[in-house]
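[1] Dropping a prediction and its sequence here:
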Amino acid sequence: MEASLSLSVTRRQYDFLTADATEVLFGGAAGGGKSYGQLVDALVYALRYPASKQLILRRTYAELEKSLIRVSLGLFPRDIYRYNSSSHTGKFKNGSVIDFGYCAVENDVFQYQSAEYDVIRFDELTHFTEFQYLYLISRLRGANGYPKQVKSSTNPGGIGHAWVKERFIDPSPPNTVFCEGGGSRIFLPSFIDDNLFLTEGDPDYKKRLLELPESQRKALLYGDWNIFEGQYFPEFSEALHVVDPFVIPPDWRRYRTVDYGLDRLACLWIAIAPNEDVYVYKELCESNLIISEAAAAIGRRNGEDKIYATLAPPDLWSRSQETGKSKAILFAENGVSFTRSGNNREAGWLAVKELLKIREDGTPRLRIFRQCRELCRCLPMLQINPDAPTDVLTEPHAITHAPDALRGFAITFTHAAREERAVERRVWHKDLWEDYRHASDEQKRYLKQKYGEPL
């Protein structure tokens, strides 16, 4: 039956159809024939395995209706296939089923809680969060003995760009099966020149992509996963900003800068060269550390480094209603004293851009040691917040911690931050003096920093 359909596919689409890894990602450039490849693969699977169940997903149903559903109605033979627009389900004469689904928000995944599928297909995978992906692939199950796969297609960019790149692009070269945890993954890049049907039918399409701004052009035309539409720091270059480690001279001033939450501690060690170039030379990024554990981890990672100041955001000085103490005081009690950095997000990110800027001599002011893997990975993944273009998206939250720590350092060296840190003298009330008299030396320094020198 498959041969009688006389389906035409490109070589890359054929590679996608025949890929047998547990998780397959087909993507890269726009116009590579990804969505069509998904539908042809779904059709072939449905006919080969009677009574099989497949799920095809987009972020919204409107996106599905305008693309995959519309194309499937023209592609799937009407004498063997019927689509029900009320249930969003397509059924074949042999009992195979294709559900067309959506997940606009995180909780939408729970509508599939009791479902079972042989194949789950994500169209535009980078539009989904990692949580949505991991939850939905748990619906991949069944006792019919059919091969079970997750087959996805996408372009670079979108809210899921970072986790998709980390899961599929970074671990191994393209076209190479990568095995992990009992499963296997493969990334099959596609480019516009792979799709002869498009280049011959619409020869001007590539010309239109060439006219796009540089970041969009590199992502959509060349499938560049390091530059994508909406990237906040397109100036970041691994070749220019990431360097091999070297021994930091002892006379260079050294700082630590911290972003702390129970979900993630990010601490960066930064050295300032005599010419004021900035080197991030060490990092500590760990999750689920209470304050005492975080402080101890910082101490161990620090070793014998002589630190001029440890910078932290102002929110760590907010007092807890339960203990009456701030996180900053608790860190100080555990041996790590903080200096307050600025908290203006716009000014902070612009300060990072200034550090990343390539100077006339072709070098940036900021360089990051190659061993600082989390900062090197997360900084170029940050995306522009469409509701506040001078700020970054706070999702996915997992990639924001190390960049936030860097932002705290960068803003500290702006004029506004220096003014913010200017010493003020204030009248202290009776309770404040009482706290000061019973405080340790570290706590006294904190109180002066927060409330000013007493008159």
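    Cool, got the structure.
[2] Identify all contacting residues around stretch 302-318.
    250, 253-260, 269, 282, 326-328, 331, 336-343, 404, 408-409, 412, 446, 450 (Cβ atoms under 8 Å, 6 or more residues apart in numbering). Heads up, the C-betas are built off the backbone N, CA and C, glycines and all.
[3] Any buried residues in stretch 311-318, and which?
    By neighbour count on 16 or more other Cβ atoms under 10 Å, the buried set for stretch 311-318 is 311, 312, 313, 316, 317.
[4] which of the contacts of stretch 302-318 are buried?
    For these, buried by 16+ other Cβ under 10 Å: 254-260, 269, 282, 326-328, 331, 336-342, 404, 408-409, 412, 446.
[5] Dump the helix or strand where residue 42 lies to CSV, keeping only the CA atoms.
    Assigned by DSSP states H and E, residue 42 belongs to helix 34-48. C-alpha atoms of helix 34-48 as CSV (Å, rounded to 0.1, in the frame of the first residue of the first chain):
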residue,chain,number,x,y,z
LYS,A,34,10.4,19.4,8.0
SER,A,35,6.6,19.6,8.4
TYR,A,36,5.9,17.7,5.2
GLY,A,37,8.4,15.1,6.3
GLN,A,38,6.5,14.7,9.6
LEU,A,39,3.2,14.1,7.7
VAL,A,40,4.6,11.6,5.2
ASP,A,41,6.3,9.7,8.1
ALA,A,42,3.0,9.7,10.0
LEU,A,43,1.1,8.4,7.0
VAL,A,44,3.6,5.6,6.3
TYR,A,45,3.6,4.6,10.0
ALA,A,46,-0.2,4.5,10.2
LEU,A,47,-0.4,2.3,7.1
ARG,A,48,2.4,0.0,8.2
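[6] Show me which parts of that helix are buried, residue by residue.
    34-47.
[7] Show me the domain layout of the chain.
    For the chain, automatic domain parsing gives the domain ranges 3-220, 241-422.
[8] With distance to residue 437 and mean pLDDT as added columns, please give the ones you listed in CSV.
    As requested, these are arranged in CSV below (distance: least, Cβ to Cβ, whole Å; pLDDT from 0 to 100):
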stretch, distance to residue 437, mean pLDDT
domain 3-220, 49, 83
domain 241-422, 16, 90
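[9] Out of these, which is closest to residue 230?
    Smallest distance to residue 230 across those (Cβ to Cβ): 4.7 Å, for domain 241-422.
[10] how distant is stretch 357-368 from the center of its chain?
    25 Å (Cα atoms, centre = their mean, to the nearest Å).
[11] hang on, I meant stretch 254-264
    Here stretch 254-264 is found 19 Å from its chain centre; the criterion is Cα atoms, centre = their mean.
[12] One more: stretch 312-331?
    The answer for stretch 312-331 is 29 Å, by Cα atoms, centre = their mean.
[13] Using CSV, list the CA coordinates for it.
    Provided in CSV are the C-alpha atoms of stretch 312-331 (Å, rounded to 0.1, in the frame of the first residue of the first chain):
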residue,chain,number,x,y,z
ALA,A,312,25.0,39.9,45.5
PRO,A,313,21.7,41.4,44.4
PRO,A,314,19.7,43.6,46.8
ASP,A,315,16.9,41.0,47.3
LEU,A,316,19.2,38.9,49.5
TRP,A,317,19.0,41.7,52.1
SER,A,318,15.2,41.3,52.5
ARG,A,319,14.4,40.1,56.1
SER,A,320,12.6,36.8,56.5
GLN,A,321,9.3,37.1,58.5
GLU,A,322,10.1,33.8,60.2
THR,A,323,13.7,34.5,61.4
GLY,A,324,13.9,38.2,61.1
LYS,A,325,17.2,37.7,59.3
SER,A,326,18.0,38.2,55.7
LYS,A,327,19.8,35.7,53.4
ALA,A,328,22.7,38.1,53.4
ILE,A,329,23.1,37.8,57.2
LEU,A,330,22.7,34.0,57.1
PHE,A,331,25.5,33.9,54.5
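[14] Find the centremost residue of the protein, please.
    Nearest to the geometric centre of the chain sits residue 162, at 2.9 Å (Cα atoms, centre = their mean).
[15] what's the helix or strand for that residue?
    Using DSSP H and E, residue 162 falls within helix 161-164.
[16] who's in contact with that helix?
    25, 125-126, 129-130, 133, 154, 225, 228, 377-378, 381, 383, 396, 398-399.
[17] can we see that at 10 Å?
    If you take Cβ atoms under 10 Å, 6 or more residues apart in numbering as the criterion, helix 161-164 is touched by 25, 27, 122, 125-131, 133-134, 152, 154-158, 169-170, 187, 219, 225, 228-231, 377-378, 380-383, 395-396, 398-399.
[18] so after it, what's the next helix or strand?
    strand 178-180.
[19] could you say what helices and strands the following helix or strand past that next one packs with?
    Using DSSP H and E, the helix or strand that follows strand 178-180 in sequence is strand 183-190. On a contact count with 3 or more Cβ pairs under 10 Å, 6 or more residues apart in numbering; DSSP states H and E, strand 183-190 meets helix 11-18, strand 23-28, helix 34-48, strand 149-154, strand 178-180.
[20] redo that, cut-off 7 Å
    If you count contacts as 3 or more Cβ pairs under 7 Å, 6 or more residues apart in numbering; DSSP states H and E, strand 183-190 packs onto helix 11-18, strand 23-28, strand 178-180.
[21] Render the CA-only coordinates of it in CSV, please.
    Extracted in CSV, the C-alpha atoms of strand 183-190 (Å, rounded to 0.1, in the frame of the first residue of the first chain):
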residue,chain,number,x,y,z
GLY,A,183,17.5,5.6,24.9
SER,A,184,19.1,7.1,21.8
ARG,A,185,18.9,10.4,20.0
ILE,A,186,19.9,11.8,16.7
PHE,A,187,19.9,15.3,15.1
LEU,A,188,19.3,15.4,11.4
PRO,A,189,20.0,19.0,10.1
SER,A,190,18.0,20.2,7.1
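[22] hang on, the earlier thing: could I get the domains of the chain as TSV with distance to residue 430?
    TSV is the format used below for these (distance: least, Cβ to Cβ, whole Å):
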stretch	distance to residue 430
domain 3-220	49
domain 241-422	16
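[23] Out of those domains, which is closest to residue 434?
    Smallest distance to residue 434 across those (Cβ to Cβ): 12.5 Å, for domain 241-422.
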